[in-house]
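**Student:** Sequence and predicted structure, then a few things I'm wondering about:
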Amino acid sequence: MTDRVHTHRMKFWGPQRAFYEAQRRLTMAAKKGLGDPVLSELVVLRASQLNRCAFCIDMHVTNLREAGVAQRRIDLLAAWEEAGALYSERERAALALTEAVTLLTEGFVPDAVYDRAAAHFDEGELAHLIAVIVAINNWNRVNVTIRQPPGVEL
């Protein structure tokens with residue numbers, strides 16, 4: 001492991017303001033149909049943890065705290081599978097799908113993971129959940145590439 005400082009590479013979001021606005025609208029549309037803002041924030045925080053996006057992790061931890069989510073639920077999100085009843089079955093299904101879509105370790109989303117989510121979300125909600133996962137992965141990929149610092153306005 002090297003000791004290197006990750007410095008901000010470029011100001012992507014200023015020159016790409018139209019892309020930023022489109023991405024913001026995409027994210028808002030995805031979240032709107034999911035209904036549960038805490039669930040949405042847990043999903044985007046988990047994807048951001050997997051993608052190692054410090055900017056997004058910082059933002060979504062702050063959002064969860066402001067929403068009154070217990071610090072323990074935020075702290076243990078990275079180990080949600082081992083955290084027992086700290087997360088509902090619905091949240092656990094959403095988090096499993098988040099990991100499968102974000103990592104695509106097998107090159108696809110396994111049927112068991114998809115079916116688990118489909119058992120907890122109707123088709124419209126499931127479509128919005130998938131859209132939320134796709135949207136945060138897009139934000140993460142840009143912010144990780146440009147090394148967007150936490151707490152710095154886009």
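**Tutor:** Okay, I see it. Numbers count the residues shown, from 1 in each chain.
**Student:** which residues touch the residue most central in space within the chain?
**Tutor:** Closest residue to the average C-alpha location of the chain: residue 44 at 1.7 Å, with Cα atoms, centre = their mean. Applying Cβ atoms under 8 Å, 6 or more residues apart in numbering to residue 44 gives the contacts 56, 60, 132, 136. C-beta coordinates here come from the backbone N, C-alpha and C atoms, glycine included.
**Student:** Please spell out which residues along whatever helix or strand it lives in are buried.
**Tutor:** Element membership of residue 44, judged by DSSP states H and E, is helix 37-51. Going by neighbour count (16 or more other Cβ atoms under 10 Å), the buried part of helix 37-51 is 39-51.
**Student:** What is the nearest of those residues to residue 105?
**Tutor:** residue 50 (10.7 Å; Cβ to Cβ).
**Student:** From residue 23, how far out is the closest residue to that closest one other than its chain neighbours?
**Tutor:** Counting by Cβ to Cβ, 6 or more residues apart in numbering, residue 102 is the residue found nearest to residue 50 once chain neighbours are left out, at 4.9 Å. Noted for residue 102: a distance of 17 Å to residue 23, by Cβ to Cβ, to the nearest Å.
**Student:** And for residue 90?
**Tutor:** 27 Å.
**Student:** Repeat that for residue 129.
**Tutor:** The gap separating residue 129 from residue 23 is 18 Å, by Cβ to Cβ.
**Student:** Between these two, point out the one with more neighbours.
**Tutor:** Taking other Cβ atoms under 10 Å, residue 129 and residue 23 do not tie; residue 129 has more neighbours (27 against 17).
**Student:** Correct me if wrong: residue 141 contacts residue 51.
**Tutor:** Yes - Residue 141 is within contact range of residue 51, at 7.1 Å (criterion: Cβ atoms under 8 Å).
**Student:** quick one on the thing from earlier: show me the two of the contacts of residue 44 that sit farthest apart.
**Tutor:** Distance extremes for these: the farthest pair is 56 and 132 at 12.7 Å, using Cβ to Cβ.
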